[in-house]
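Colleague: any chance you could fold what I've pasted below:
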Amino acid sequence: MVALLAVVAVLATSGEAFGAGTAPGAQRATADPAAALVSRLRIEDVLRGTFTQSRQIQGFKRPVVSTGDFVVARDRGILWHTRTPFESTLAMSPSRLRVVDARQRADVDLDARREPMLRTVNALLQSVVVGDVAALESRFDVDVRLSGSEAWEIDLVPRDAALKGRFSAIRMSGDAYVREVRMSERGGDVTTVTLAGQKGGTPLNDDEAKQLQ
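Modeller: The predicted structure is shown next:
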């Protein structure tokens, strides 16, 4: 969750609009590597999985590791549920960002009507998790490399000032789904988020839908 909140903090102070981009999985007219990558992705209306986040902080020998599960609902938002070492849930929808602890006490609660850049953050995070290359290209220089019939890797170099001031590079890799996101910060800290067990087909339950209102 630290990595996600770092992106939130940067984008919330940015004046540039991210934009909706193309719909995840949309084909582009030109046959370039990015278009070929899009054809490899399996895009779900609701995607579920687990994550392991390892944050290597400058000056510390051991990384800070957290684990949990996530739900990405297309056009609805993201639920990022950290289970270890401390339980908390980040719920981000186009209208709201909320972080609650295990006792359901809100640590952060922001209204997108007053914080319009939350829509930008939500769009970016969904694009990262589902690999929406066209949307990512509006903020990054994108270098796509394909391997075999399924594997791929993307290097994202920030172009706008807000992201460039915080991150030196972001690398994503995967196959039908995004499997790893590695974020290198200007100060030397590196966060690696490994995603696993992704599957779709299960709609949001009532509680999840409520959290993403």
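Colleague: so how far is L212 from R105?
Modeller: Distance, R105 to L212, using CB to CB, to the nearest Å: 19 Å. Heads up, the C-betas are built off the backbone N, CA and C, glycines and all.
Colleague: higher neighbour count, those two?
Modeller: Shown here are R105 and L212; by other CB atoms under 10 Å, L212 has more neighbours (21 against 9).
Colleague: hmm, S93 and the more buried one touching each other?
Modeller: Yes. L212 is within contact range of S93, at 4.4 Å (criterion: CB atoms under 8 Å).
Colleague: what touches both of the two?
Modeller: Residues touching both L212 and S93 (CB atoms under 8 Å, 6 or more residues apart in numbering): R76, G77.
Colleague: separation between S138 and A91?
Modeller: 25 Å.
Colleague: neighbour-wise, which of the two wins?
Modeller: Using other CB under 10 Å, the more surrounded residue of S138 and A91 is A91, with 21 against 18.
Colleague: ok, what's across the strand from the more buried one?
Modeller: Listed beta-bridge partners, A91: L79, R98 (assigned using DSSP bridges).
Colleague: which residues touch it?
Modeller: For A91, the contacting residues are G77, I78, L79, W80, L97, R98, V99, V100, Q211, L212, by CB under 8 Å, 6+ apart.
Colleague: neighbours around D160, how many?
Modeller: Neighbours around D160, by other CB under 10 Å: 16.
Colleague: ok, now R74?
Modeller: Using other CB under 10 Å, the number of residues around R74 comes to 17.
Colleague: now it. Nearest residue, chain neighbours left out?
Modeller: Of all residues not flanking R74 in the chain, D45 sits nearest, at 4.9 Å (CB to CB, 6 or more residues apart in numbering).
Colleague: got a list of what that neighbour touches?
Modeller: The contact partners of D45, taken as CB under 8 Å, 6+ apart, are A73, R74, G200, P203.
Colleague: so among those residues, which ones count as buried?
Modeller: Buried members of those, scored by 16 or more other CB atoms under 10 Å, are A73, R74, G200.
Colleague: closest to F86 out of the residues you listed?
Modeller: Nearest to F86 among these: A73, at 24.6 Å, using CB to CB.
Colleague: gap between the closest one and E87?
Modeller: 21 Å.
Colleague: same question, V181
Modeller: For V181 relative to E87 (CB to CB), the value is 22 Å.
Colleague: before we move on, what about T202?
Modeller: Per CB to CB, T202 is found 22 Å from E87.
Colleague: swap in R105?
Modeller: Using CB to CB, R105 is found at 11 Å from E87.
Colleague: flag the shaky bits of the chain, pLDDT-wise.
Modeller: Across the chain, the ranges flagged by pLDDT under 70 are 1-31, 106, 112-125.
Colleague: can you give me the helices for it?
Modeller: For the chain, applying DSSP state H gives helices covering 2-12, 33-40, 117-130, 133-136, 161-166, 206-211.
Colleague: which helices and strands does the shortest one pack with?
Modeller: Packed against helix 133-136 by the contact rule (3 or more CB pairs under 8 Å, 6 or more residues apart in numbering; DSSP states H and E) you find helix 33-40, helix 117-130, strand 140-147, strand 151-158.
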